[in-house]
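Engineer: Next input, structure requested:
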Amino acid sequence: MSIAGTSPKKKLTLQTRSLREQVYDYIRGEMNSGGMQPGSFLDINALAGELGISRTPLRDALLQLEVEGFVEILPRRGFRLKSLGLPEIRNIYQIVGALESAVIAAAEPWLGKDGIARMEAHNEAMRQAIPADDFETFFNHNLAFHAEYLETSDNPRLTALIHSLKQRLYDWPRRKAFAKSWEEGAVLEHAHLLTLLKKGDFQAAAAYNREVLWSYEAQEPFIRVYYQTGRAE
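Structural biologist: Numbers count the residues shown, from 1 in each chain. Next up is the predicted model:
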């Protein structure tokens with residue numbers, strides 16, 4: 001059993017944000033970078049001492065992470081950093097697909113030609129990043145592509161939930177390499193979505209987003225490679 005939070009850490013400097021928020025951001029950063037690994041237990045006494053804080057803001061941050069699905073509490077054993085399994089990935093895909101598609105279906109009055117043009121630019125940047133092996137550029141433009149239509153929503157709870165679920169998918173820890181056939185397919189799928197949007201068929205675009213881009217069944221072969229083997233092609 002591995003224990004996270006036992007190596008020396010730099011003490012946190014108090015900022016204008018709450019201490020709980022700072023601790024939350026610190027743990028999320030460690031999870032992103034791979035400094036804390038799925039399946040490991042957190043020694044909260046040791047971690048609180050290393051960070052120079054009390055247990056209270058640490059426990060509050062961990063409870064927030066539990067709500068978001070990153071942490072689970074085991075009776076008499078404490079906090080464990082939760083692995084991301086295929087059943088949970090399936091659930092996330094279903095939820096994100098439904099919510100994103102609802103936004104697309106209602107986006108026509110707000111997205112406009114400029115928004116679609118920016119989506120095209122992001123997709124082109126993604127396409128160019130693949131042969132350059134620039135995963136960070138691909139990742140950031142992929143998020144920005146979807147953000148163009150998500151930002152048309154006037155429902156902040158909906159968009160916050162989508163953001164949280166995507167963090168769960170992408171940041172545990174965040175990959176630094178391509179599964180290139182998946183990324184190449186994503187660029188083509190984005191191009192088809194853009195074709196539907198430019199035609200003004202936002203209902204068809206919403207259905208395509210739900211039934212292809214965010215369909216677990218459609219994406220399952222790539223998901224299994226990406227999440228289960230941990231290797232790129």
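
Engineer: Just the pLDDT for the nearest residue in space to residue 185 that is not next to it in sequence.
Structural biologist: Nearest residue to residue 185 in three dimensions, chain neighbours excluded: residue 222, at 7.4 Å (Cβ to Cβ, 6 or more residues apart in numbering). No exception for glycine: its C-beta is placed from N, CA and C like everyone else's. pLDDT, residue 222: 91.

Engineer: got it, and residue 155?
Structural biologist: 97.

Engineer: For residue 219, grab the count of nearby residues.
Structural biologist: Per other Cβ atoms under 10 Å, the neighbour tally for residue 219 reads 19.

Engineer: coming back round to it: now for the residue nearest to residue 185, how many residues are close by?
Structural biologist: 16.

Engineer: which element is it on?
Structural biologist: Per DSSP states H and E, residue 222 falls inside helix 216-223.

Engineer: Following the chain onward from the host helix or strand of residue 148, which element is next?
Structural biologist: Counting by DSSP H and E, the element that carries residue 148 is helix 135-150. Note on helix 135-150: by DSSP H and E, the next helix or strand toward the C-terminus is helix 156-170.

Engineer: buried ones in that following helix?
Structural biologist: 159, 162, 165, 166, 167, 168, 169 (16 or more other Cβ atoms under 10 Å).

Engineer: What separation is there between the third one and residue 198?
Structural biologist: The reference is to residue 165. 28 Å (Cβ to Cβ, to the nearest Å).

Engineer: Equivalent analysis for the second one, please.
Structural biologist: Residue 162 sits 23 Å away from residue 198, taking Cβ to Cβ as the criterion.

Engineer: quick revisit: now the angle from the helix holding residue 148 to helix 156-170?
Structural biologist: Relative orientation of helix 135-150 versus helix 156-170 (axes from the mean of the first three to the mean of the last three Cα atoms, to 10 degrees): 160 degrees.
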